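# Pasting a predicted model and its sequence here:
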Amino acid sequence: MGKQRVLSGVQPTGNLHLGNYLGAIRNWVEIQQHYDNFFCVVDLHAITVPHRPATLAQDTYAIAALYLACGIDLQYSTIFIQSHVSAHSELAWLLNCVTPLNWLERMIQFKEKALKQGENVSVGLLDYPVLMAADILLYDADLVPVGEDQKQHLELTRDIAARVNDQFAGPEAPVLKIPDPLIRSEGARVMSLTDGTRKMSKSDPLEQSRINLLDSPDDIIKKLKRCKTDPIRGLTFDDRDRPECHNLLTLYRLLSGKDKTTVAAECADMGWGQFKPLLAAVAIAALEPIQAKYRELMDSRDYLNTVLRQGQEKAAVVAGATLTRVKDALGYLPPL
Ligand code: AQP
């Protein structure tokens, strides 16, 4: 039997932060050799909120370079740009016509992001999870490694696939494979540095709320110096009344590679003044090699273009086959 298929992606909507890294990309790297992986830069999703045309292409390159810099290995993985494979938009339209509107209106991320946009909220923002379902289903993905925030969208993807199978195929010959989410308990929800009850997010207007993968050592030190804490001495995991403390200890644990018991013992008697420089040092050490590799890749535009062109060719073959299967099941006249 061949390897199971994995698909995931990140939007080029700004600087990648520790949440994107620890919740998603680092996990992709860790598991990649066991799977046949497709990792895309989901640029069609990036315009579901107001975006800047002047920086979209550059941001797209930057995410692709960061995938490689974080350790995505082309021996196991295909990297491509979502908008370079037109089957994504086409399948999204077909799935739109099968998906009940009220399924989308229930999506938490839509409600949260729509609130920020008032009357300017686009149909695309509501439709985002259908496009995401198309991204996943086109590749017959078995597993989708994501952070906790995407769990509801994954459930919707499964529901849409099941509905297509129910309506247009028999149980013996499903048209679409139903994928499973792969959400690791560690790092699944990295929280903001300014509010330990909110997730770290690219779109948070407060730059201080996140550590970006490309932040300089000085910026990391400053952000951690100013980040929200509490007046209690002694640092502990899992105290519901101390969300910032749990988040910062978890970051320290994940970035240092130490286990939870070791970190709990090491930090049990510490104050923030002692802990913050320690966390800054491990964050800087973890990001330094990624940043060096990123700079090298961004200076090798021909190489990046080759990677993305080859990725697009490979992705288009797999996606095209699924799209044809779905169109056949829906009864379309094939091209003559
Ligand atoms: N705070 C987080 N903790 C753990 N995982 C996270 N992810 C995002 N934030 C966290 C995971 O990163 C992957 C890519 O996310 P995305 O760029 O597609 O969009 P998002 O989930 O909406 O991430 P952001 O940073 O909050 O972006 P904006 O602000 O643009 O919406 C996903 O696997 C996600 O789970």
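Yes, it's here.
# got any ranges where the protein has weak pLDDT?
Along the chain, no part satisfies pLDDT under 70.
# Now do the contacts for the closest residue to the ligand within the stretch 51-200 of the chain.
Using CB to the nearest ligand atom, the single residue of the stretch 51-200 of the chain nearest to the ligand is residue 147, 2.4 Å away. The C-beta positions use only the backbone N, C-alpha and C, and glycine is treated the same way. Applying CB atoms under 8 Å, 6 or more residues apart in numbering to residue 147 gives the contacts 19, 20, 23, 24, 183, 187, 188, 189, 190, 199.
# From the contact counts, what lies against the biggest helix by length in the chain?
As assigned by DSSP state H, the longest helix anywhere in the chain is helix 301-330. Other helices and strands packing on helix 301-330, by 3 or more CB pairs under 8 Å, 6 or more residues apart in numbering; DSSP states H and E, are strand 36-41, helix 53-70, strand 77-81, helix 87-96, helix 151-168, helix 272-298.
# Isn't residue 157 up against residue 128?
No: contact criterion CB atoms under 8 Å: residue 157 and residue 128 do not qualify, at 11.7 Å.
# one step back: give me the distance between the longest helix of the chain and the centre of its chain.
Between the centre of helix 301-330 and the centre of its chain there are 20 Å (CA atoms, centre = their mean, to the nearest Å).
# Could you check that helix and say which residues are buried?
Buried positions in helix 301-330, judged by neighbour count with 16 or more other CB atoms under 10 Å: 304, 307-308, 311-312, 315-316, 318-319, 322-323, 325-327, 329.
# Just say which of the helices and strands packed on helix 301-330 is most tucked in.
strand 36-41 (a mean of 26; mean count of other CB atoms under 10 Å).
# That one near the ligand anywhere?
No: remark: strand 36-41 sits outside contact range of the ligand, by CB under 6 Å from any ligand atom, the gap being at least 9.5 Å.
# residues in contact with that strand?
The contact list for strand 36-41 (CB under 8 Å, 6+ apart) reads 2-12, 28, 60, 63-64, 67, 72, 76-82, 85, 135, 139, 141, 315, 318.
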